[in-house]
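> Quick one, fold the following:
(one chain, ligands or ions: 1)
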Amino acid sequence: MSTEKFISETAKSLRDETFVKMTLGNYKGSDGQLQKLLIRLVETRKGARLFFLYRYQTRDIAKNYSLDEGLHILSELLGKDFHSGHLFTTTKDFQLAIGKRGVHLNVGKPTFAVKPKLEHDREKKILIDPNSFYLKALGITTDHGAIRDKQQDKWKQINKFVEILGGLFDQSSLKEKHDFNIVDMGSGKGYLTFAAYDYFKNVSGMDVNVTGIDTNPNLVELCSSIAKAGEFENLLFMEGSIGDADITDVDILIALHACDTATDDALFKGISADAEIIIAAPCCHKEIRPQIKPPKMFKDILKHGIMLERTAETITDGLRALLLERSGYAVKLFEFVATEHTPKNNMIVGTRIEKAVASEKVNSQIQSIKEFYGIKKQRLENLLQP
Ligand SMILES: C[S@@+](CC[C@H](N)C(=O)[O-])C[C@H]1O[C@@H](n2cnc3c(N)ncnc32)[C@H](O)[C@@H]1O
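Numbers count the residues shown, from 1 in each chain. Now for the predicted structure:
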């Protein structure tokens, strides 16, 4: 009886527009990994939908359903798989506990006085709307669109990234194209991939195809399910390695925090595909560090690990910038976000130019630097060798 009441109160809150969110817990079903189910209301092109985030031990899966479908699934899950439910509405909170000795429904004062803003409530054109569905689904924002304390750095990064991306796009010839393709290599949990898609497609209303590529199948599955649940058309996530990715038609190539030489693989893919814009924020710089043989005059400086580390970073990203220039790109290397927000904060941006490049001069610069530090190989240089 109490379970039916819990479901009917959910249906009522959806009808009255007082529904805030719901959590199902105490899972006793057959999936050893599933822990919780978080349910929110989202607005999509098909209208209001119930967004289900299935929280597993090591991953999340997202799905969305019509309100009727969602209520039906809820009635099937409660008492069979999940044995507790917490419904938050703006008028009351309902807590359901299903135990061996009976079913109890506690009704209490509401935790939330106002219902969360839905994604479509956007009033003004802002680069990133904290009420965006994907930010909630990825756990950056709360149901009310507040940035979670622990996600403040990520939020700053996402905003800075979109600001940079939008600026580069506005100054490029892509502005004239009807549609264009973005590939995000090493897309991870997809924060920046979703943000790029949202910025071009939803905020700027452009025709864009975005593909995220990552070796981690769990992250690809999570991102795909959020993209599907949010009905983000032309946003795909694919499992695969950057080096093996078969991309030829790419206008903007993104590689943010791809590990070590994965950044070189991504830069190489961008250059080979003649991408108009290449944006990379390198991660660890492991390749060069063990190769450095400090020149005599730097011996007592580079004996300190931190100095060697920073030198390896400077040389690696400096060589990458020179190689991009040699490949026909105007390059800017700058601080992405301040070091207090992330230690991985170099950003290398290349914009394709038509001007002929003095490759011999660049080559001799590269060779002098390598000889000076005793460096034998650099991945991007090797990849670019004919
Ligand atoms: C530190 S995360 C960065 C994620 C995202 N780009 C960001 O900045 O938020 C690095 C991601 O790159 C992926 N990755 C590392 N090497 C890769 C490779 N060779 N090919 C594809 N993905 C790779 C990892 O699985 C991980 O998800």
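> quick one: secondary structure of the closest residue in space to Tyr191 that isn't next to it in sequence?
Nearest residue to Tyr191 in three dimensions, chain neighbours excluded: Ile158, at 5.6 Å (CB to CB, 6 or more residues apart in numbering). Every C-beta, even on glycine, is put in place using the N, C-alpha and C of the backbone. Here Ile158 is recorded as helix under DSSP: H, G, I helix; E, B strand; the rest coil.
> quick one: pLDDT of Ile158?
Predicted confidence (pLDDT) for Ile158: 93.
> Could you count how many residues lie near it?
24 (other CB atoms under 10 Å).
> Quick check, it in contact with Ile140.
Yes. Using CB atoms under 8 Å, Ile158 makes contact with Ile140 at a distance of 7.4 Å.
> hey, what's in contact with both of the two?
Taking CB atoms under 8 Å, 6 or more residues apart in numbering as the contact rule, Ile158 and Ile140 both touch Tyr191.
> For the ligand, what is the nearest residue in this protein?
Of all residues in the chain, Gly188 sits closest to the ligand, at 2.4 Å by CB to the nearest ligand atom.
> ok, that residue - contacts?
Per CB under 8 Å, 6+ apart, neighbours of Gly188: 214, 216, 219, 257.
> how about the closest residue to Ser224 other than its chain neighbours, what does it touch?
Excluding its sequence neighbours, the residue lying closest to Ser224 (CB to CB, 6+ apart) is Phe237, at 4.6 Å. By CB under 8 Å, 6+ apart, the contact set of Phe237 is 187, 190, 193, 211-214, 219-220, 223-224, 227.
> Phe169 too?
175, 200, 252, 277.
> Work out for me the element Asp31 sits within.
Using DSSP states H and E, Asp31 maps to neither a helix nor a strand.
> got a list of what it touches?
Residues near Asp31 by CB under 8 Å, 6+ apart: Tyr56.
> That one and Ala137, how far apart?
Per CB to CB, to the nearest Å, Asp31 is found 20 Å from Ala137.
> again, but for Leu192
Here Leu192 is placed at a distance of 15 Å from Ala137 (CB to CB).
> between those two, who's got more neighbours?
Ala137 (26 against 23).
> if we can go back for a sec, for the residue nearest to Ser224, which three-state class applies?
Phe237 ends up strand, using three-state DSSP.
> Against Glu276, how distant is it?
22 Å.
> before we move on, what about Pro217?
According to CB to CB, Pro217 and Glu276 sit 30 Å apart.
> More neighbours: those two, which one.
Each of Pro217 and Glu276 had its neighbours counted (other CB under 10 Å), and the higher figure belongs to Glu276 (21 against 10).
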